[in-house]
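Visitor: just a sequence and a predicted model for now, questions to come.
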Amino acid sequence: MPIGITPASSVLSSKQEDQPSPWRAPASGHFETDATSTAPLIAATDFARISADLDIWDAWPVQLPDGHPAKIGDGSTLWMALAAPRFDDPEERHGHARIHLLQRIDGGWTDLGPAMPDGFSPGSREWSGSAVLDPAMGVVTLYFTATGQRGEAELSFSQRIFRARADLQAQGGVKLAHWRDLEEIVVRDPAHYMDSEGGEGRIGTIKAFRDPAYFLDPADGRSHLLFAASAENSASRYNGVVGMATARDDRLDTWQTAAPIISADGLNNELERPHAIYHGGLYYVFWSTQSHVFDPDGPVGPTGLYGMVAESLHGPWQALNGTGLVFANPAAAPSQAYSWLVMPDMKVISFVDDWGGCKNMRRFGATFAPDLLLELDGKQAKLVT
């Protein structure tokens, strides 16, 4: 066992650490759900837009290194989220995504505008990531996905993982200032990861090298980034994996790209926004995925939160609840929420997607969904209802 980790129960088997743990189709051929694995139906009274003309989706806190949201002087917390102007077709937002800084105080939200200044990001748009505050220095480090190339005439789907730093300033209003240290820190290893431009560019077929999520391993104090990627040399179009990179210096300037830790090769194309937490002596990795990115020739799971558990960040990983499914959207509204993020206190955040289950009209909520609460017990995970 790693130093500093309380031995967990012996429910997890041993395995070589240099191979990704497979996420396989359920032996029964079905992803079963029940009351503890089905999210409550979202109603119109359950959420409110942050802004009438701004759509919000994937979100994450400005966190402390241990994963908890950092509180600033007035007791508020800062968050980041992908945002874009409101379009008649919500799918257009992906081509205009910017990371916005949000402030949460007394249960309310305030949009503070784009987190990074115009022209700073090297991509044509900004996709998901994570942000960590050094409270002693007042410096926020943002890990994010730069998608496409700045100034490109036609949007491409190349994805690169960058790091940037800014000073957190609270006088005269909260803002991030003096952006600097922009660097591509996770470089794709072609021995393990497919070029992100290798997909067809259509929804459900896009390949991944994105969504860096910071995790500080309590076992040894090392810093890691988990990210969504696609397996190289796969015989299947459905080749999603969870990748990992590890910092090699105390300043977190140099990172080593490692092999994937979890593979859905042959089952699922996109394991989006993977992230890790440490709870009860065990490591948990969660990701979001949608029903239309499962291989249609195999068992197709619902749109929901999925995860695996291990005694070490390096595995071996075993599927939670036997199938990997933690919880799904309700059958009456199968796309009502998405992009779930499990916090250290077991709260689960997400955004309101196509809510209400209206088959003849797309209703994009474009704001934060009601929080959910998770209960973890070894290889079992369920919603607290």
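Guide: Yes, it's here.
Visitor: if we look at stretch 317-327, which residues are touching it?
Guide: 12-13, 21, 23-24, 26, 31-33, 36-39, 261-262, 284-286, 301-302, 304-310, 372, 374, 379-383 (C-beta atoms under 8 Å, 6 or more residues apart in numbering). Every residue, glycine included, has its C-beta placed from N, CA and C.
Visitor: buried subset of these?
Guide: Among those, those classed as buried by 16 or more other C-beta atoms under 10 Å are 12, 21, 23-24, 26, 31, 33, 37-39, 261-262, 284-286, 301-302, 304-310, 372, 374, 379, 381-383.
Visitor: out of those residues, which are inside strands?
Guide: 21, 262, 284-286, 304-310, 372, 374, 381-383 (DSSP state E).
Visitor: would you map the strands across the stretch 151-300 of the chain?
Guide: 159-169, 175-186, 209-216, 223-230, 240-247, 255-257, 262-263, 272-279, 282-289 (DSSP state E, counting those that start in this stretch).
Visitor: reformat those as a markdown table; add distance to Phe47 and mean pLDDT.
Guide: Output for those, formatted as a markdown table (distance: least, C-beta to C-beta, whole Å; pLDDT from 0 to 100):
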| stretch | distance to Phe47 | mean pLDDT |
| --- | --- | --- |
| strand 159-169 | 28 | 97 |
| strand 175-186 | 27 | 97 |
| strand 209-216 | 23 | 98 |
| strand 223-230 | 26 | 98 |
| strand 240-247 | 29 | 98 |
| strand 255-257 | 37 | 97 |
| strand 262-263 | 31 | 98 |
| strand 272-279 | 20 | 98 |
| strand 282-289 | 18 | 98 |
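Visitor: quick one: closest of the ones you listed to Tyr193.
Guide: strand 223-230 (4.8 Å; C-beta to C-beta).
Visitor: helices and strands around that closest one, which ones?
Guide: Under the contact criterion of 3 or more C-beta pairs under 8 Å, 6 or more residues apart in numbering; DSSP states H and E, strand 223-230 touches strand 175-186, strand 209-216, strand 240-247, strand 272-279.
Visitor: each with direction, which strands does the last one pair with?
Guide: Taking DSSP bridges as the criterion, strand 272-279 pairs within the sheet with strand 282-289 (antiparallel).
Visitor: with the second one instead?
Guide: For strand 209-216, sheet partners with direction are given as strand 223-230 (antiparallel), following DSSP bridges.
Visitor: then the partner strand to CSV, C-alphas only?
Guide: Output of strand 223-230 as CSV, limited to C-alpha atoms (Å, rounded to 0.1, in the frame of the first residue of the first chain):
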residue,chain,number,x,y,z
SER,A,223,0.3,16.3,-8.5
HIS,A,224,-1.5,14.7,-11.4
LEU,A,225,-3.8,15.7,-14.3
LEU,A,226,-6.4,13.4,-15.5
PHE,A,227,-7.8,14.0,-19.0
ALA,A,228,-10.1,12.6,-21.6
ALA,A,229,-8.4,11.0,-24.6
SER,A,230,-8.7,8.4,-27.4
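Visitor: which parts of that strand are buried?
Guide: 223-230.
Visitor: quick check: angle from it to strand 159-169?
Guide: Between strand 223-230 and strand 159-169, the angle comes out at 140 degrees (axes from the mean of the first three to the mean of the last three C-alpha atoms, to 10 degrees).
Visitor: quick one: strand 223-230 to chain centroid distance?
Guide: In terms of C-alpha atoms, centre = their mean, to the nearest Å, the centre of strand 223-230 is set 10 Å apart from its chain centre.
Visitor: likewise stretch 245-264?
Guide: Centre-to-centre, stretch 245-264 and its host chain are 16 Å apart (C-alpha atoms, centre = their mean).
Visitor: adding distance to Val342, write the strands of the stretch 151-300 of the chain out as a markdown table.
Guide: Listed next are those as a markdown table, based on distance: least, C-beta to C-beta, whole Å:
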| stretch | distance to Val342 |
| --- | --- |
| strand 159-169 | 21 |
| strand 175-186 | 22 |
| strand 209-216 | 11 |
| strand 223-230 | 12 |
| strand 240-247 | 14 |
| strand 255-257 | 24 |
| strand 262-263 | 15 |
| strand 272-279 | 6 |
| strand 282-289 | 5 |
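Visitor: among those, which is nearest Lys71?
Guide: strand 159-169 (11.9 Å).
Visitor: mind listing what's buried along the closest one?
Guide: 159-166, 168.
Visitor: quick check: the residue most central in space within the chain vs Asp89, distance?
Guide: The residue lying closest to the centre of the chain (C-alpha atoms, centre = their mean) is Arg273, at 2.1 Å. Going from Arg273 to Asp89 by C-beta to C-beta, to the nearest Å gives 23 Å.
Visitor: now do Pro190
Guide: Distance, Pro190 to Asp89, by C-beta to C-beta: 35 Å.
Visitor: span of stretch 101-118 from start to end?
Guide: 14 Å (C-alpha to C-alpha, to the nearest Å).
Visitor: and for stretch 342-352?
Guide: So stretch 342-352: terminal residues 16 Å apart, C-alpha to C-alpha.
Visitor: give me the contacts around that stretch.
Guide: With C-beta under 8 Å, 6+ apart, stretch 342-352 has contacts from 42, 47, 56-59, 61, 66-69, 81, 275, 277, 279, 284, 286, 288, 305, 307, 336-341, 364-369, 371-376, 384.
Visitor: show me what counts as buried in stretch 90-107.
Guide: 90, 93-94, 96-103.
Visitor: out of those, which one sits closest to Gly119?
Guide: Arg98 (11.8 Å).
Visitor: so what's the closest one bridging to?
Guide: Ala83.
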